[in-house]
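In: Sequence and predicted structure, then a few things I'm wondering about:
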Amino acid sequence: MGESPLFLSVLRTARLVAASDVTLFIQGESGTGKEVLTRHIHEQSPRSEQTFVSVNCAALPENLVESELFGHRKGSFTGADQDYPGKVRAAAGGTLFLDEISELPLPTQAKLLRFLEAGECQGLGETLPAVVDVRVIAATNRNLYEMVRTGEFRADLYYRLNIVPLLLPPLRERSGDLPLLLHHFTSCLSRQHGIAPPRYSKTVIKTLQHYHWPGNVRELRNFCERMVILFSDHDLTNENIPPEILHPEETTNLENDGFILPERGIKLDSLERELIVQALSRTGGNRSRAARLLGLTRDTFLYRMRKHGIE
């Protein structure tokens, strides 16, 4: 939903390619609506009556990524107590959405490339591959081209995915769409919760349009739900707006203060180990995402894990 030229351009391209089976690659910041756009493409395609399967690659356990995508035979590894078809076969005839594809391990990237080239899906423990008809749409919020340059992503897979790229603009670049989205979300969420919607003054809307919305459309939706729950049937003023939106410069200043060395000093090795453990805990053990939290490449992160004896 939107009327900005940037957004309408993406939407026109999406509708144009929906009728084909070409692989699509959607880029955009987190919260810009990549999965929403993908579902729209699926619904406009000849595969609309078939299955739509969405996979968050970053949430897959690293030791089970290949099995989750391509399946496995019973007994092919410890814990495989029954056959599992995998996400690719589950999407047969339909559309497979691979979100955060940048987080796929390199060995799985090679197998995905083979599938995109020949349609062959071979699960763990299977002697022969099966041909599966699936339309693949991939998405990421990272710069895959830069990842190719650093060796974190296969160049051949990148070029195979990048046939028709779609770049979703962040909300700050389509601020004219904000009133439309604001009233849409507020109306839908009010009906969902069964309560009267709040009313936004022109001053409030202007304040919201000046905010940079780092969480994009997802953040705006969450804001609307907050307003619906807390201020049902109210006339909203700037006093009702959360401080991080009303005074974003204060939050930015706090974020940019950086780390201050305590007077008593620190034990750097202990601090580094603790940060690694916290990053792993926050990402549910996903090493690629944990590395990103610390501003490290995955290889450097793995080296420092080994250095501190972290399993």
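Out: Received the coordinates, thanks.
In: the helices in the stretch 101-250 of the chain, which residues?
Out: 106-118, 144-149, 155-161, 178-193, 202-210, 216-230, 243-246, 248-255 (DSSP state H, counting those that start in this stretch).
In: worst-scoring helix or strand of this protein, pLDDT-wise?
Out: helix 248-255 (a mean of 52; mean pLDDT, DSSP states H and E).
In: Quick check: which helices or strands does whatever helix or strand comes next after that helix pack against?
Out: Once helix 248-255 ends, the next helix or strand along the chain (criterion: DSSP states H and E) is helix 268-282. Judged by 3 or more Cβ pairs under 8 Å, 6 or more residues apart in numbering; DSSP states H and E, the packing partners of helix 268-282 are helix 287-293, helix 298-307. Yep, even glycine has a C-beta here, placed from its N, CA and C like the rest.
In: nearest to Ser76, of the helices of the stretch 101-250 of the chain?
Out: Ser76 sits nearest to helix 106-118 of all the helices of the stretch 101-250 of the chain, at 14.6 Å, using Cβ to Cβ.
In: From the contact counts, what lies against that closest one?
Out: Helix 106-118 packs on helix 65-70, helix 155-161, going by 3+ Cβ pairs under 8 Å, 6+ apart.
In: The helix or strand following the shortest one - what's its average pLDDT?
Out: Right, the one you point to is helix 65-70. Moving toward the C-terminus from helix 65-70, the next helix or strand (DSSP H and E) is helix 86-90. Helix 86-90 carries an average pLDDT of 92.
In: got it, and stretch 134-148?
Out: The model assigns stretch 134-148 a mean pLDDT of 92.
In: So which bits of that stretch are buried?
Out: The neighbour-count check on stretch 134-148 (16 or more other Cβ atoms under 10 Å) flags Val134, Arg135, Val136, Ile137, Ala138, Ala139, Thr140, Asn141, Arg142, Leu144, Met147, Val148 as buried.
In: quick one: contacts for the first one?
Out: Read that as Val134. Val88, Ala91, Ala92, Gly93, Gly94, Thr95, Leu96, Gly119 (Cβ atoms under 8 Å, 6 or more residues apart in numbering).
In: pLDDT score assigned to the closest residue to the first one other than its chain neighbours?
Out: What sits nearest to Val88 in space, not counting adjacent residues and going by Cβ to Cβ, 6 or more residues apart in numbering, is Cys121, at 4.9 Å. We have a pLDDT of 88 for Cys121.
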